[in-house]
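> Turn this into a model:
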Amino acid sequence: MGKSEELKIAVCGDDAPACRETRSHAEKLGHCVVFEQAGAEDFVVESVAAARPDLVFVGCVHPEEEGLHLVRRFQDCQPLPLILLVGRVTPSLLREADDAGAAWVVPVPTDSAVLAEAVNIALLRHRDRRELRDMRERMARMRREFLHRVKNDLAVITALMHFQAGSCGNSGTERAILEGADRVRVISALYDVIRTSEDGDTLRLDHYLELLLSKVSQGTAAARGIEIAVSADCIILDGARALSCGLIVHEMVANALQHAFPGDQREKLIKVDIHKHPGDEHIEIRVADNGTGLPPDIDPTGATTFGLQLVSFLAGQLKGALTVDRSNGTAMTLSFKVPSAMTTHR
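Numbers count the residues shown, from 1 in each chain. Predicted structure coming up:
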């Protein structure tokens, strides 16, 4: 927008001399001042918004306090091109003003030429920010639509697998197909968590596994009177590692459900613990039951069943160590290292 084009200008803030000077320069440049009021109170924001200006000047004696607060209030109410007028410009103030949403910062006193250039820069920066915001919104909408379609596709695949299992006429084949459908559900649950994650690259492993195991608890485990107890730290992982962990936990729990409780044991418990070792970058996932214990002739690291082969394979993908304790029921533990950039807390 050129200098000759008339703009509707609002001037506000608690630096009255700066506001008066800015009004004078703006009118010399051919702009129309539609609002001018001293003060930095919150009601000024609504008054300025009602005037529908093209650009706002905020003059503040204490920009780090009242000035930045007012800038943030403007951005929350109605994002407008905004120029902050300050007595002294510092690198830290420039960063904070940019974070708050100011399009430019001008030291006062100033002159008409500097103000004219500041207006042009502020309008351009505001336009660029708006275009960037619109692009991010479009990307977020496309991401939501993509995840929704993936979820629908996975649901269709699961339904087809169940239909195929019911018509195959062989119990072994039927069981294998249904187990495959359960693994597709593990993938589907991952997308439920991704949809609610703050970014598309990482997610909360504890949220994912808790969601996954809650579905098992409400299904097969509940029908057989088996309790599944989960204890988990807040662990941030990328989607690929999280999926590997989800499949491993699913297979460990499924193995316990199938083999640990063959009789009428009174208390049937499967404990799932997901923790990060304090002081290092290792995550430990432990699935333990109080059942009869894994038969001595079954070695998960060299098993012939597909489920345990999958566990061993995925543990290798994570570069993790898989151990088994048969002393009291069965406890299978996976330990693996994660990059230091991924954070955890209790």
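> Cys32 is in contact with Leu7, isn't it?
Yes: with contact defined as Cβ atoms under 8 Å, Cys32 reaches Leu7; the gap is 7.2 Å. Bear in mind the C-beta positions are built from the backbone N, C-alpha and C, glycine included.
> out of those two, which sits in the more crowded spot?
The neighbour count for Cys32 versus Leu7, taken as other Cβ atoms under 10 Å, is higher for Leu7 (19 against 12).
> Got the phi and psi for that one?
With angles defined as degrees, to the nearest 10, Leu7 sits at phi -120, psi 150.
> That one and Glu46, how far apart?
To Glu46, Leu7 is 21 Å away according to Cβ to Cβ, to the nearest Å.
> secondary structure class for Glu5?
Classification of Glu5 using DSSP: H, G, I helix; E, B strand; the rest coil returns coil.
> Gly30 versus that one, what's the distance?
Glu5 sits 8 Å away from Gly30, taking Cβ to Cβ as the criterion.
> What of Arg195?
For Arg195, the distance to Gly30 equals 51 Å [Cβ to Cβ].
> Could you identify the longest helix within the chain?
Taking DSSP state H as the criterion, the chain has its longest helix at helix 112-166.
> Identify all contacting residues around stretch 116-125.
1-3, 7, 29, 31, 54-55, 81-83, 103-104, 106, 110 (Cβ atoms under 8 Å, 6 or more residues apart in numbering).
> and with 10 Å instead?
Stretch 116-125 has contacts (Cβ atoms under 10 Å, 6 or more residues apart in numbering) with 1-3, 5, 7, 9, 22, 25-26, 28-31, 54-57, 80-85, 98, 102-106, 110.
> Show me the domain layout of the chain.
If you go by automatic domain parsing, the domain ranges for the chain are 8-133, 203-346.
> okay if I get the ones you listed as CSV plus mean pLDDT and distance to Glu145?
Converted to CSV, these look like this (pLDDT from 0 to 100; distance: least, Cβ to Cβ, whole Å):
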stretch, mean pLDDT, distance to Glu145
domain 8-133, 90, 19
domain 203-346, 85, 18
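> Tell me which of those domains lies nearest to Ala165.
Among these, the nearest to Ala165 by Cβ to Cβ is domain 203-346 (15.3 Å).
> Of all the residues in stretch 241-249, which ones are buried?
Counting neighbours by 16 or more other Cβ atoms under 10 Å, one finds that the buried residues in stretch 241-249 are Arg241, Ala242, Leu243, Ser244, Cys245, Gly246, Leu247, Ile248, Val249.
> any idea which residue sits dead centre in this protein?
A centroid search over the chain (Cα atoms, centre = their mean) returns Glu198, at 1.5 Å, as the residue closest to the centre.
> got the residue ranges for the strands in this protein?
8-13, 32-38, 55-59, 82-86, 104-107, 202-204, 226-232, 234-238, 268-276, 282-289, 321-325, 330-337, 344-345 (DSSP state E).
> want to try JSON lines for these, with distance to Ala155 as columns?
Formatted as JSON lines, the strands of the chain follow (distance: least, Cβ to Cβ, whole Å):
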{"stretch": "strand 8-13", "distance to Ala155": "53"}
{"stretch": "strand 32-38", "distance to Ala155": "55"}
{"stretch": "strand 55-59", "distance to Ala155": "50"}
{"stretch": "strand 82-86", "distance to Ala155": "47"}
{"stretch": "strand 104-107", "distance to Ala155": "51"}
{"stretch": "strand 202-204", "distance to Ala155": "20"}
{"stretch": "strand 226-232", "distance to Ala155": "24"}
{"stretch": "strand 234-238", "distance to Ala155": "24"}
{"stretch": "strand 268-276", "distance to Ala155": "25"}
{"stretch": "strand 282-289", "distance to Ala155": "27"}
{"stretch": "strand 321-325", "distance to Ala155": "32"}
{"stretch": "strand 330-337", "distance to Ala155": "29"}
{"stretch": "strand 344-345", "distance to Ala155": "32"}
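> ok, Asp280 touching Lys337?
Yes: here Asp280 reaches Lys337: they are 8.0 Å apart, a contact under Cβ atoms under 10 Å.
> which of these two has more neighbours?
Between Asp280 and Lys337, counted using other Cβ under 10 Å, Lys337 has the larger neighbour count: 14 against 10.
> ok, what's across the strand from that one?
His282 (DSSP bridges).
> go on, Leu82?
Applying DSSP bridges to Leu82 gives these bridge partners: Val56.
> Thank you kindly, that will do.
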